[in-house]
Structures are given as C-alpha cells and as structure tokens.
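1. the following block contains a protein sequence and its predicted model.
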Amino acid sequence: MSDTKEKPVQEISRRGILQAAAVLVAAPVLMGGFSGVGMAAERSSMISRASGRKSSLDLPLLTKKRTLGNGKFSMEVSALGFGVMGANYNRGTSPDRKKVIEVIRQAAEHGVTLFDTAQVYGPLTNEELAGEALAPYRDKVAVTTKFGHSIVNGVYQTGKLNSRPENIRRVAEGSLKRLKVDAIELFYQHRFDPEVPIEDVAGTVKELIREGKVKRFGLCEVGPETIRRAHAEQPVTAVQSEYHLMWREPEKDIFPVLEELGIGFVPYSPLNRGFLGGDMTAYTRFDSGNDNRNTLPRFAPEALGKNLMFVEVLNRFGRPRGITGAQAALGWMLQKGDGIVPIPGTTKLSHLEENIRAANLAVSPEEWKELEDALSRVEIVGDRYPAEQQRQVQKS
C-alpha cells in the first residue's frame with residue numbers, strides 16, 4: 001500500500017499540514033540529489049528486487065554513505081541509521097508488532113544500512129525484534145548492539161553494571177542468537193564500568209574479534225581519557241552518545257579526540273527523544289508504563305511547556321525553507337562532520353520518509369549558523385538525566 005494513500009490519523013501527527021505544504025512549495029529542496037519521485041520509486045524497486053521482497057511504497061531512497069572509524073576496523077554505512085530501541089522499549093505503547101517490523105524493513109528497503117539495539121532494551125526483546133525484522137537483510141545491513149548492564153535470568157538489575165570479561169562473552173553469545181547473525185558488526189560497551197579496567201573490556205572484545213564473533217568495538221557515553229585508553233588496546237570504530245540541538249556537550253571534549261584518532265560518532269536521540277519533532281505540548285504525559293521520559297527532568301510537566309520555545313524557533317527556521325523542524329534538527333547534525341551518523345528511530349512510515357529526506361537538504365553553512373545563533377538565546381529547562389543516571393555517563 002502506498003504511503004500516500006489513506007494514512008492513519010496517527011501518521012500525520014508532527015508533520016501534518018506543514019509537510020503537505022512543504023511538498024508543494026519546496027520539492028527541489030527536499031529531493032536534493034534525486035532526479036524525481038519516479039527515479040526514487042525505481043531505485044526502491046531495484047532494492048526490493050535485490051532483497052527478494054516486494055515494496056509498493058513510494059518512499060525516497062537514502063543513497064548517501066558515511067564511514068565510521070578508519071583502517072582495518074572502519075565501517076561504511078548509510079548517512080542515517082535507525083535506532084530500534086523505541087520500537088518496543090521505553091517510548092510508550094508500541095504499535096502492532098507486524099507494523100513495527102514493516103517499518104524497520106522499509107527502512108532497509110530504502111537505503112538504511114545501520115540498525116542499533118542493545119541487550120538491556122527490554123531486556124532482550126528489542127534484540128529479538130531486530131533479529132526477526134532484519135533477517136531477510138542479513139547480508140545487506142549492519143546491526144549493532146551493546147553489553148555492560150547487569151541482567152540476571154532476563155531481568156535487568158536496575159542501575160547495576162557488569163563489564164566483566166565473562167559477562168561480555170555471555171552477552172555476545174546471547175546477542176548472536178537473538179540477532180540471528182554469525183558476527184556482531186559493532187559491539188559497544190553501553191556504560192563505563194568503574195569496577196573493570198577499560199583495557200580489560202577492550203581486550204575481551206579484541207579476543208571476540210579474533211574468534212570471529214564480533215567485527216568491531218565501540219563505546220557509549222565516555223570521556224576522552226577512556227576513549228584513548230580503550231583505543232590503544234583495541235581500535236574503536238565509533239563512540240555513541242546523546243547529541244542534538246538541546247545537548248551539544250560532546251562538541252567540547254569528545255569531538256576533538258574522535259577527530260584526532262579517526263573514530264566515528266553515532267548520536268542517539270538526535271531529536272531529543274522526539275521532542276524536537278514538535279508532537280509534544282505542555283500537557284503531554286508519559287505514563288504508559290513503558291516510557292523512561294517520565295523520569296527525565298527535561299520532560300517534567302513544568303519543563304515541557306517552557307522548552308516549547310526551542311521547538312518554535314526550530315520551526316520558524318524550517319517553514320520558509322519548506323522543511324520540518326525534525327528535518328532541520330537532523331540536517332544540522334549531519335553537516336557537523338562527515339563521521340557523524342545519527343540513529344533516529346520511529347514506528348511510523350511518515351516519520352521514516354521525513355528522516356530520510358533530511359539527508360538531502362540544501363541549506364548553507366551560513367543558514368545553519370543562523371539557526372544556532374537563534375537557539376542559543378533560548379533557555380533550556382531541566383537536566384537530561386536524573387542524578388543517578390548522570391553519574392553513569394561522560395566518565396573521564
């Protein structure tokens with residue numbers, strides 16, 4: 001079924017009238033390197049034939065590539081990845097499983113080659129979902145996952161970490177089965193474990209690479225010194241951290257060391273957990289029982305209303321250019337460096353289309369600077385994490 005026919009009401013949420021108008025007045029801006037919708041459809045058809053699946057959706061094709069890391073452990077992927085976490089974990093009530101799987105598969109059909117999950121998401125169930133959804137594309141996409149939290153008999157031991165070598169190996173074996181792959185493309189340490197030297201962590205992944213169970217090593221939410229020490233033991237392909245227009249701290253200490261060492265950067269929550277997409281209001285509540293935003297200070301009721309000014313400035317920038325606020329946020333991030341590959345997630349085909357088109361925006365460096373200047377004058381209310389979680393990130 002074509003995505004342009006009889007879209008469900010929930011699929012027109014944050015894009016709505018703005019996206020419909022943008023298509024009419026600014027198609028050249030959004031199409032970027034494409035020669036037209038017909039060409040995009042033909043390319044989509046080619047990908048479908050190559051994968052053995054038939055797609056009737058007229059979504060754009062993501063053709064731009066980027067490289068994470070360098071040398072022997074480099075990794076060429078699509079310019080935008082896909083964060084699988086929110087498909088069934090920590091983002092509210094999930095749609096029907098079949099519908100979610102179809103969105104993930106359509107991302108693969110239309111050029112996305114980097115998909116991200118983790119053992120702790122669920123726990124375990126998000127890896128299982130990714131494995132099922134991407135099984136038909138095993139040789140065409142890269143699925144990355146993470147270790148480092150304490151999970152006992154399938155139950156997450158809240159706040160507890162475990163990067164001991166024996167646990168890393170145990171997680172790797174389980175992830176391989178859940179993801180239905182022969183080797184993990186990129187294996188991240190999810191959070192720095194102060195009880196285990198980072199050299200031991202890197203050394204264990206190095207052994208798994210030698211054994212053919214893992215291909216590359218990554219880190220999440222760590223500081224410059226940890227990155228250097230880990231990289232000296234086993235070259236790091238990518239560092240994953242939160243990064244978006246409302247949280248730019250990695251630019252200060254992380255970006256310089258990544259550039260120096262030739263390490264890629266994979267920002268998670270590039271739309272600030274959906275906030276920059278413009279769907280939320282001062283009255284939005286996260287009470288489904290499966291949404292961690294109700295624990296984050298920046299999403300508290302008193303903060304939400306005040307932070308909406310940030311979204312309004314973003315939308316003011318996008319409207320005259322025929323782009324949505326979400327596209328502006330992703331486009332801004334992509335122009336920050338060639339080694340940056342954001343991983344926005346979604347359960348809606350309309351959002352997937354919007355995200356893919358963000359890779360082809362025709363916006364000048366001067367215009368991006370204009371956006372930064374305008375947003376710098378907006379006060380951001382609320383921390384990104386409560387104190388306990390904040391202690392686990394950005395370790396030295």
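-> It's in. Numbering: from 1, shown residues only.

2. and the nearest residue to residue 243 once chain neighbours are set aside, what is it in contact with?
-> Excluding its sequence neighbours, the residue lying closest to residue 243 (CB to CB, 6 or more residues apart in numbering) is residue 267, at 3.7 Å. Every C-beta, even on glycine, is put in place using the N, C-alpha and C of the backbone. The contact partners of residue 267, taken as CB atoms under 8 Å, 6 or more residues apart in numbering, are 240-244, 250, 333, 340-343.

3. distance of the residue nearest in space to the middle of the chain from residue 116?
-> In the chain, the residue lying closest to the centroid (CA atoms, centre = their mean) is residue 343, at 1.9 Å. To residue 116, residue 343 is 5 Å away according to CB to CB, to the nearest Å.

4. tally of neighbours for residue 362?
-> Look at residue 362: counted by other CB atoms under 10 Å, it has 16 neighbours.

5. so which residues make contact with the longest helix belonging to the chain?
-> The longest helix of the chain (DSSP state H) is helix 301-318. Applying CB under 8 Å, 6+ apart, the external contacts of helix 301-318 come out as 18, 245-246, 275-276, 278, 280-285, 297-298, 324-325, 327-329, 367, 370-371, 374-375, 378-382.

6. buried ones among the residues you listed?
-> By neighbour count, with 16 or more other CB atoms under 10 Å, these hold 18, 245-246, 275-276, 278, 280, 298, 324-325, 327-329, 367, 371, 375, 378, 380-381 as buried.

7. okay, and which of these map to strands?
-> Assigned to strands by DSSP state E, none of these qualify.

8. low-confidence ranges, the chain, go.
-> 1-57, 394-396 (pLDDT under 70).

9. that one: strands as residue ranges?
-> Going by DSSP E, the chain shows strands at 65-68, 75-78, 82-83, 114-116, 142-147, 149-152, 155-161, 186-189, 217-220, 236-242, 264-268.

10. how about these in JSON lines, adding distance to residue 133?
-> Formatted as JSON lines, the strands of the chain follow (distance: least, CB to CB, whole Å):
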{"stretch": "strand 65-68", "distance to residue 133": "22"}
{"stretch": "strand 75-78", "distance to residue 133": "16"}
{"stretch": "strand 82-83", "distance to residue 133": "10"}
{"stretch": "strand 114-116", "distance to residue 133": "8"}
{"stretch": "strand 142-147", "distance to residue 133": "10"}
{"stretch": "strand 149-152", "distance to residue 133": "22"}
{"stretch": "strand 155-161", "distance to residue 133": "22"}
{"stretch": "strand 186-189", "distance to residue 133": "18"}
{"stretch": "strand 217-220", "distance to residue 133": "21"}
{"stretch": "strand 236-242", "distance to residue 133": "21"}
{"stretch": "strand 264-268", "distance to residue 133": "19"}
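
11. closest one to residue 211 among these?
-> strand 186-189 (12.1 Å; CB to CB).

12. what sits up against that closest one?
-> 68, 75, 118, 142, 144-148, 163, 172, 175, 198, 201, 205, 208, 214-220, 222, 237-238, 240.

13. buried residues of it, list them for me.
-> For strand 186-189, by 16+ other CB under 10 Å, it's 186-189.

14. now those in TSV, with distance to residue 156?
-> Listed next are the buried residues of strand 186-189 as TSV, based on distance: CB to CB, whole Å:
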residue	distance to residue 156
186	22
187	19
188	17
189	16
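
15. re the thing from before, now for residue 343 and residue 116: what residues contact both?
-> 81-83, 266, 268.

16. out of those, the closest to residue 103 would be?
-> residue 82 (9.0 Å).

17. so how many other residues sit close to the closest one?
-> Neighbours of residue 82 (other CB under 10 Å): 27.

18. report the contact partners of it.
-> 104, 107, 112, 114-116, 343-345.

19. at 7 Å what do you get?
-> Listed by CB atoms under 7 Å, 6 or more residues apart in numbering, the contact partners of residue 82 are 104, 107, 112, 114-115, 343, 345.

20. show me the residues you listed that map onto helices.
-> Counting by DSSP H, these contribute 104, 107 to helices.

21. tell me the one among the contacts of residue 82 nearest to residue 353.
-> Nearest to residue 353 among the contacts of residue 82, counting by CB to CB, is residue 107 at 10.2 Å.

22. quick one: that closest one from residue 354, how far?
-> From residue 107 over to residue 354 (counting by CB to CB), the distance is 12 Å.

23. which one's more surrounded, those two?
-> residue 107 (30 against 24).

24. name the nearest residue to the more buried one, ignoring sequence neighbours.
-> Per CB to CB, 6+ apart, closest to residue 107 is residue 82, 4.8 Å.

25. compare the contacts of residue 82 and tell me which is most surrounded.
-> That'd be residue 107 among the contacts of residue 82, by other CB under 10 Å, with 30 neighbours.

26. I'd assumed residue 353 was in contact with that residue.
-> No: applying CB atoms under 7 Å as the test, residue 107 and residue 353 come out as separate, 10.2 Å apart.

27. where along the stretch 51-200 of the chain do the helices fall?
-> Assigned by DSSP state H, counting those that start in this stretch, the stretch 51-200 of the chain shows helices spanning 97-109, 125-134, 165-179, 198-210.

28. single out the most deeply packed of the ones you listed.
-> helix 125-134 (a mean of 22; mean count of other CB atoms under 10 Å).

29. C-alpha coordinates for that helix, CSV please?
-> What follows is helix 125-134, C-alpha atoms only, in CSV (Å, rounded to 0.1, in the frame of the first residue of the first chain):
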residue,chain,number,x,y,z
THR,A,125,13.2,-8.3,23.5
ASN,A,126,14.5,-5.5,21.3
GLU,A,127,17.3,-7.6,20.0
GLU,A,128,14.8,-10.3,19.3
LEU,A,129,12.7,-7.8,17.3
ALA,A,130,15.7,-6.5,15.4
GLY,A,131,16.7,-10.1,14.6
GLU,A,132,13.3,-11.0,13.3
ALA,A,133,12.8,-7.8,11.3
LEU,A,134,16.2,-7.8,9.6
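
30. residues contacting residue 121?
-> 85, 89.

31. thanks a lot, see you next time.
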